[in-house]
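Undergrad: here is a sequence together with a model predicted from it:
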Amino acid sequence: MYEGWVEKGYFKPDEEPDKEPFSIVLPPPNVTGQLHMGHALDHTLMDSIIRRKRMQGYSALWLPGYDHAGIATQTKVEARLKETEGKSRWDYEREEFIDKVWEWKDEYGKTITSQMKAIGDSVDWSRERFTLDDGLSRAVQTIFKQLY
């Protein structure tokens with residue numbers, strides 16, 4: 001049923017100009033592993049809010065995404081390499097190790113996505129983001145510079 005709702009665009013905001021916008025940016029879970037009970041609680045609360053706003057007639061967007069969590073993810077990748085290959089990051093060229101990190105991100109990003117779908121998160125999957133995406137990374141840097 002959930003996939004049908006996604007395909008029909010039920011979780012996308014209405015683009016009618018007379019509707020007041022409302023959005024929630026999902027605090028992005030780290031790609032260091034799987035979702036846990038704390039995520040389930042937070043997602044339930046955000047989902048309740050965004051669905052209520054939709055019912056109240058808002059153009060409501062719940063934006064999904066994932067955080068790279070650089071140091072924590074690197075630590076997880078290094079632990080996996082030690083466990084599965086008996087190697088450390090120093091056994092790889094820089095680009096090879098970075099490729100290993102991206103493989104990790106792809107694996108756990110998919111895991112988190114499937115978990116979010118399993119609990120029924122009503123996010124707009126067409127706008128899914130990752131903190132190292134070019135556009136998002138550039139936007140964050142711009143805002144930090146403006147705030148400075």
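TA: Done, it's in.

Undergrad: pretty sure Pro27 contacts His43?
TA: No - at 9.8 Å, Pro27 does not count as touching His43 under the criterion of C-beta atoms under 8 Å. The C-beta positions use only the backbone N, C-alpha and C, and glycine is treated the same way.

Undergrad: identify all contacting residues around the host helix or strand of Gln141.
TA: Assigned by DSSP states H and E, Gln141 belongs to helix 134-147. Counting by C-beta atoms under 8 Å, 6 or more residues apart in numbering, helix 134-147 makes contact with 65, 129-131, all of which sit outside it.

Undergrad: same thing with stretch 109-127?
TA: Counting by C-beta under 8 Å, 6+ apart, 2-3, 5-6, 10-13, 26, 29, 31, 34-35, 39-40, 43-44, 47, 50-51, 61-64, 66, 128, 130 sit against stretch 109-127.

Undergrad: let's see which of those end up in helices.
TA: With DSSP state H as the criterion, helices contain 2-3, 5-6, 39-40, 43-44, 47, 50-51 from among those.

Undergrad: got a quick PyMOL command for the buried subset of the residues you listed?
TA: The buried subset of these, as determined by 16 or more other C-beta atoms under 10 Å, is captured in PyMOL by this line:
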select buried, resi 6+39+43+47+50
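
Undergrad: phi, psi for Pro21 please.
TA: The phi and psi values for Pro21, taken as degrees, to the nearest 10, are phi -80, psi 150.

Undergrad: run a quick neighbour tally on the nearest residue to Ala60 once chain neighbours are set aside.
TA: The shortest distance from Ala60 to any non-neighbouring residue, by C-beta to C-beta, 6 or more residues apart in numbering, is to Lys53 (4.2 Å). Neighbour count of Lys53, defined by other C-beta atoms under 10 Å: 20.

Undergrad: hmm, Glu20 and Lys53 touching each other?
TA: No - with contact defined as C-beta under 8 Å, Lys53 does not reach Glu20; the gap is 9.2 Å.

Undergrad: right, I'll leave it there.
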